[in-house]
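turn this into a structure:
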Amino acid sequence: MTGIIREFILVRNGGLTIIDGFPRYPDRVGPFNDLMQGIGAKVLALCVVEVRDETVVLKRLEQRSGREGQLTTDPADRLANHMDNTVPTLKLLAADYPCYRLDGTYPLDVNAKELQEIYNRHTASHVSPVLPTV
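Next up, the predicted model:
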């Protein structure tokens, strides 16, 4: 995955790239940071979309597994994996990058506006922005 991200960012030199769901595991944070530094990309911010109501999360995960192309995974197992792997990864990333939390229960246009505001706040001094979201 790191190689794919590297190639994509290099092709879009100077453009905004939003990375969703990577890195997902703590052992990938170091290689991610090395990659960003190595290709001269600047991570503007970490944007975490959160839904705090576990019932809502489990329902969404259940609906997701029914979509074409999605792996069928027990929603409770997927949530446990998120808690065991993704949450520690986010904590590691938040130590290195400005972190913004968005409410995943808000309509898409509300969070899109917030992402635009985050981008506007950080682009004045950056050339090649990357926004990882998990």
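
determine the longest helix present in this structure.
helix 108-122 (DSSP state H).

which residues of this structure fall in helices?
2-11, 29-39, 54-64, 75-81, 87-96, 108-122.

nearest to residue 46, of these?
Evaluated with Cβ to Cβ, those place helix 87-96 nearest to residue 46, the distance being 4.9 Å. C-beta: built from backbone N, CA, C; applies to glycine.

what residues sit buried inside that closest one?
Buried residues in helix 87-96, counting neighbours by 16 or more other Cβ atoms under 10 Å, are found at 89, 90, 92, 93.

by contact count, what packs against that helix?
Counting contacts by 3 or more Cβ pairs under 8 Å, 6 or more residues apart in numbering; DSSP states H and E, helix 87-96 packs against helix 29-39, strand 46-50.

distance to residue 101, mean neighbour count and mean pLDDT added to those, as a markdown table?
A markdown table is the format used below for the helices and strands packed on helix 87-96 (distance: least, Cβ to Cβ, whole Å; neighbours: other Cβ atoms under 10 Å; pLDDT from 0 to 100):
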| stretch | distance to residue 101 | mean neighbour count | mean pLDDT |
| --- | --- | --- | --- |
| helix 29-39 | 18 | 15 | 92 |
| strand 46-50 | 5 | 18 | 92 |
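
show me the one of the ones you listed that comes nearest residue 56.
Here strand 46-50 is closest among the helices and strands packed on helix 87-96 (Cβ to Cβ), at 10.8 Å.

which elements pack onto the closest one?
When contacts are defined as 3+ Cβ pairs under 8 Å, 6+ apart, strand 46-50 packs onto helix 87-96, strand 99-103, helix 108-122, strand 129-133.

out of the ones you listed, which one sits most buried?
Among the helices and strands packed on strand 46-50, ranked by average contacts under mean count of other Cβ atoms under 10 Å, first place goes to strand 129-133 (a mean of 20).

any weak-confidence spans in the chain?
Within the chain, the stretches with pLDDT under 70 are 65-67, 69-72, 124-134.

from residue 35, how far out is residue 6?
To residue 35, residue 6 is 6 Å away according to Cβ to Cβ, to the nearest Å.
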